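Undergrad: Need coordinates for the below:
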Amino acid sequence: MTEAKKYEIRIEVVTRYLVEQSDPEADRYVFSYAITITNVGSVAAQLISRHWLITDADENVQEVRGLGVVGNQPLLQPGEKFEYASGCALETPVGTMKGTYQMVAEDGTHFDAPIPEFVLSMPRVLH
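TA: Alright, predicted model coming up:
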């Protein structure tokens, strides 16, 4: 197995607009996102921290860094998954999120797991 395949994490995201928490007249659009993190590499790895770039439709960028996710720093054996849900509020009905999880493999190797960009959108705004 190649070195890159040893340290490989797959990220899947499902988003939802939270109408009950949003207030469009006050420019408050709230979204939830559910993330599944799967260790598809060949060595165990622990998620240590996260780095997010959240961009609204006006190109305003929020940068978020922190330890773990929802209070956890999961250790994932090869093939294991960790799922969590979180959310964010934007001032526009559409935005995007992307980032990285900072990981440490059981052999001490530090690596980033990229979080592919995903769209947060109020229903019927994008086609």
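Undergrad: what's the average pLDDT for stretch 83-95?
TA: Averaging pLDDT along stretch 83-95 yields 97.
Undergrad: contacts for that stretch?
TA: Here stretch 83-95 makes contact (CB atoms under 8 Å, 6 or more residues apart in numbering) with 18, 21, 24, 27-37, 54-58, 60, 62, 69-70, 72, 97, 119-122, 125-126. C-betas here are computed from N, CA, C, even on glycine.
Undergrad: swap in stretch 39-46?
TA: By CB under 8 Å, 6+ apart, stretch 39-46 touches 1, 5-10, 73-81, 103-107, 109, 111.
Undergrad: For it, C-alpha coordinates in PDB please.
TA: Extracted in PDB, the C-alpha atoms of stretch 39-46 (Å, rounded to 0.1, in the frame of the first residue of the first chain):
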ATOM      1  CA  ASN A  39     -10.800   5.900   8.000                       C
ATOM      2  CA  VAL A  40     -10.200   4.200   4.600                       C
ATOM      3  CA  GLY A  41      -6.500   4.100   5.200                       C
ATOM      4  CA  SER A  42      -4.500   1.200   6.700                       C
ATOM      5  CA  VAL A  43      -3.400   2.700  10.000                       C
ATOM      6  CA  ALA A  44      -5.500   3.900  13.000                       C
ATOM      7  CA  ALA A  45      -5.700   7.700  13.200                       C
ATOM      8  CA  GLN A  46      -7.100  10.200  15.700                       C
END
